[in-house]
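>>> build me a structure from this.
(chains A and B)
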Amino acid sequence: MSQVIASYNIGNSNGVHGRVATKLAEIALEFDVEVLIEHNGSQVSCDSILDVLSMALVHGSEVQVILSGEKARSALVEIGAVLTAENDP
Amino acid sequence: MEIENNNATPSLSGESTPNLLQGIGVSPGIVIGRVVVIKRHTCRAGRYHLPPDHIQKEVARFHQAVTRAEDELVRLRENFADDLADALSIIDSHILMLKDRMIYDQTIRFIKSKNVNAEWALAQSLNHIKNRFDKIADPYIKERYADIKHVADRVFSILFGHKPYQLVQENEPVIVVANDFSPEDTMQLHTENILGFLSEKGGVTSHTAIVARSLNIPAVIGLTHITGSIATGDTIILDGGLGQVIIKPDSEQVQVYRRKALQSEVIADELAPYVHLSSETFDGYSVRLSANIEMIEELQTVHRYGCKGIGLFRSEFDFFHQQPQPDENALLATYRQLLDSMSPHPVTVRTLDVGGDKFLDHLPDHSSQLDPERNPALGLRSIRFSLHEIKLFTMQLRALLKASAYGRLRILFPLVSSLPELHQAKAILRKVSSDLDKEGVVYGSDIELGVMVEVPSAVILADVFSKEVDFLAIGTNDLIQYSLAIDRSNQHVAHMYDPFHPAVLRMIKQTIDAGHAQGISVSVCGEMAGDVICAVVLLGLGIDELSMRPAVIPHIKRLLRHFHYEQLQQLGEDVLRCVDGQQTKNFIKAYLAQHYPYQCNNY
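The predicted structure is shown next:
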């Protein structure tokens, strides 16, 4: 079981909306890892897209992600790409 | 003056059509057909206290309802091909929401801890989520609550024992009309016989719009109270490109639109190659062709038609469609998305352009109510209103400046009629910049400032204004009304509204010359810019930029690419010698008939 932590700035001009949140949940499921997002002192798990949406992460927000699980490192690559991408996944 | 919906809209030629309603076109195409008006029953969840031995059963009933809702969504998803990626991913996120712990786990927790029925528990969970989303400032993310509501409604409907709703059971293709559509409604309807969509609601980022576009079904949204004014069985014409609806058209109108529909298909094919070409004359003289829009939702259309910039962003929409009134952050979100999406092309944002009395009516708790004006067209409107409500004006300018870090911003002051007025507006802008400097906020260093030339005094002072600003934008609609003293909505004088009136053309020429003498660019952003017969004249008079409805741009580009610049200049000179409007029009028509092989006014 490994854990990785990284920081990103949200790249999507509409912020983290439904499609972005959905993609994050799908990646967590696919790699079987727990993905926590931290922003402004609060923390949510990506398996609830409503939790993620209600954080209201707009374009440019800085977030910290914490991944735990066997494939945390591989999942981080994808999570990072989704969070920083300008376009919808 | 332009935000009024649901009004009979006069056409450029001045005839008005009383049964025509103006909404927001979100998916282009013209269809004629009978309507089906959908009125959905709303479910009210009562609260029932359950005996302890019923709790497990109730949890199981809720679980079943969610599973069935999921099945319905999965089945719906299977009906669609993978190329509808946009629409499919919406369903995917709805499936996830259904099982989200804020809905699913929370509802079960309520059932168990409060001994209540599933409907009530679900309503409570939904309330919690709503409270959280209400606090979100970002309008785009905030609007996602609508999705959660649609998902919950599906479960409610199963819990209440309603049949899975079949929206339309007609055999012939129909236009569906509703207060609002969920994305699934829109997709479900596709499998049935649908000609078009018409809805009362539909936010700026509404899924109805996205899905309708990806399914290629014409749609108009934002026609408030429409479900009250038409009934199932009525025939309507729906023009998804112009956002217009004609209720109970007469046979002549039907014929006109049948022809239009057919022609627009043919023309669309012909024009497709022009979308990617640059906008220049045959000999390489380039003119910027940009778009007039009023909401972010239209950006996709802007890109589809190859527009190189926004020549006029009407900023009123946010002020009228956000309750009670948008704050700086909400405006910033709109402007940032706008600039970011168009970058590196310029975006011209016109500051608030409304009549003051109408605007304050809209804000019920506003302290300084204004009396209804006897003559609103000559009253406290546009820049005058902004200078009267300095706090509001400052908020808009702050949002604009902050957004300017994301693209190329041009700020446009409407209805400026004197120099002190312009100085006052500029002083407020300077104050906003220096405030932001003090706050350490970064904003664009290349912001351009312009005035709208739309009253005769501005034309006469165009040389003076040109020394003060970076560009001039001629608003022909108002300029014609103010200089010819014609109210286009008055049927007795509407026929005298004439874009070809020699006085109008000379004023445009005078403005262009005054701008060029100071080395600044001059644009036109009224309806004239998008009319082939008018546009050819404007080009001849030396205009630098034409701003119009996005869908018209390929037409004007084809026109531009057909001529040599010298030809256009000669035409401009000849036209200025004409002494009455009809003579001018005949002259241009004859010229185009001889030199331009395409039809000129059938779009």
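
>>> what about the helices in chain A?
All helices of chain A, identified by DSSP state H, fall at A:18-31, A:49-54, A:72-84.

>>> for those, which one ends up most surrounded?
With neighbours defined by mean count of other Cβ atoms under 10 Å in any protein chain shown, none of the helices of chain A is more surrounded on average than helix A:49-54, at a mean of 26. Glycine gets a C-beta too; all of them are placed from N, C-alpha and C.

>>> how much space separates residue B:245 from chain A?
Summarising the geometry, the distance separating residue B:245 from chain A, computed by Cβ to the nearest Cβ, to the nearest Å, is 29 Å.

>>> three-state assignment of that residue?
Classification of residue B:245 by DSSP: H, G, I helix; E, B strand; the rest coil places it in strand.

>>> ok, what's across the strand from it?
For residue B:245, the residues forming beta bridges with it (DSSP bridges) are residue B:21, residue B:238.

>>> wait, isn't it in contact with residue B:237?
Yes. Residue B:245 is in contact with residue B:237 according to Cβ atoms under 8 Å; the separation is 7.0 Å.

>>> so for those two, which sits in the more crowded spot?
A count of neighbours by other Cβ atoms under 10 Å in any protein chain shown puts residue B:245 above the other of residue B:245 and residue B:237, at 28 against 25.

>>> how about the contacts made by the more buried one?
Taking Cβ atoms under 8 Å, 6 or more residues apart in numbering or on different chains as the contact definition, residue B:245 lies against B:20, B:21, B:23, B:198, B:220, B:223, B:226, B:236, B:237, B:238, B:239.

>>> burial measure for the residue of the stretch 451-600 of chain B found nearest chain A, as a count.
Among residues of the stretch 451-600 of chain B, the one nearest chain A by Cβ to the nearest Cβ turns out to be residue B:550. It sits 19.5 Å away. The criterion is other Cβ under 10 Å. On that basis, residue B:550 has 25 neighbouring residues.

>>> how near is it to residue B:306?
Distance of residue B:550 to residue B:306, given as Cβ to Cβ, to the nearest Å: 9 Å.

>>> got any ranges where chain A has weak pLDDT?
Regions of chain A meeting the criterion pLDDT under 70 cover residues A:1.

>>> next to chain B, which bits of it? Give me the list.
A:13-19, A:21-22, A:25-26, A:47-51, A:53-54, A:56-59 (Cβ under 8 Å from any Cβ of the partner chain).

>>> for chain B, what lies in contact range of chain A?
Those residues of chain B that sit near chain A, judged by Cβ under 8 Å from any Cβ, are B:89-90, B:92-93, B:96-97, B:100-103, B:129, B:132-133, B:136-138, B:140-142, B:144, B:147-148, B:205, B:333, B:336-337, B:340-341.

>>> now which of those would you call buried?
B:89-90, B:92-93, B:96-97, B:100-103, B:129, B:132-133, B:136, B:138, B:140-142, B:144, B:147-148, B:205, B:333, B:336-337, B:340-341 (16 or more other Cβ atoms under 10 Å in any protein chain shown).

>>> in strands, which of the residues you listed appear?
Assignment to strands by DSSP state E places none of these there.

>>> nearest to residue B:430, of the contacts of residue B:245?
Here the nearest of these to residue B:430, counting by Cβ to Cβ, is residue B:23; it sits at 39.5 Å.

>>> which residues does the closest one contact?
Listed by Cβ under 8 Å, 6+ apart, the contact set of residue B:23 reads B:5, B:198, B:220, B:221, B:222, B:223, B:226, B:243, B:244, B:245.

>>> go through those residues and say which is closest to chain A.
For the contacts of residue B:23, the closest approach to chain A (Cβ to the nearest Cβ) belongs to residue B:221, at 19.0 Å.

>>> that closest one reaches residue B:177, doesn't it?
No. Residue B:221 is beyond contact range of residue B:177, at 11.0 Å (criterion: Cβ under 8 Å).

>>> who touches both of the two?
B:198, B:199.

>>> rewinding a little: what's the farthest-apart pair in the contacts of residue B:23?
B:5 and B:198 (13.3 Å).

>>> higher neighbour count, those two?
Shown here are residue B:5 and residue B:198; by other Cβ under 10 Å, residue B:198 has more neighbours (27 against 16).

>>> element containing that one, please.
Residue B:198 is located in strand B:194-199, with elements delineated by DSSP states H and E.

>>> that strand packs against which elements?
Strand B:194-199 sits against strand B:30-38, strand B:174-178, helix B:207-215, strand B:219-221, strand B:235-239, with contacts defined as 3 or more Cβ pairs under 8 Å, 6 or more residues apart in numbering or on different chains; DSSP states H and E.

>>> if I look at the residue of the stretch 351-500 of chain B found nearest chain A, how far off is residue B:443?
Among the residues of the stretch 351-500 of chain B, residue B:406 lies closest to chain A, at 8.3 Å counting by Cβ to the nearest Cβ. Distance, residue B:406 to residue B:443, by Cβ to Cβ: 10 Å.
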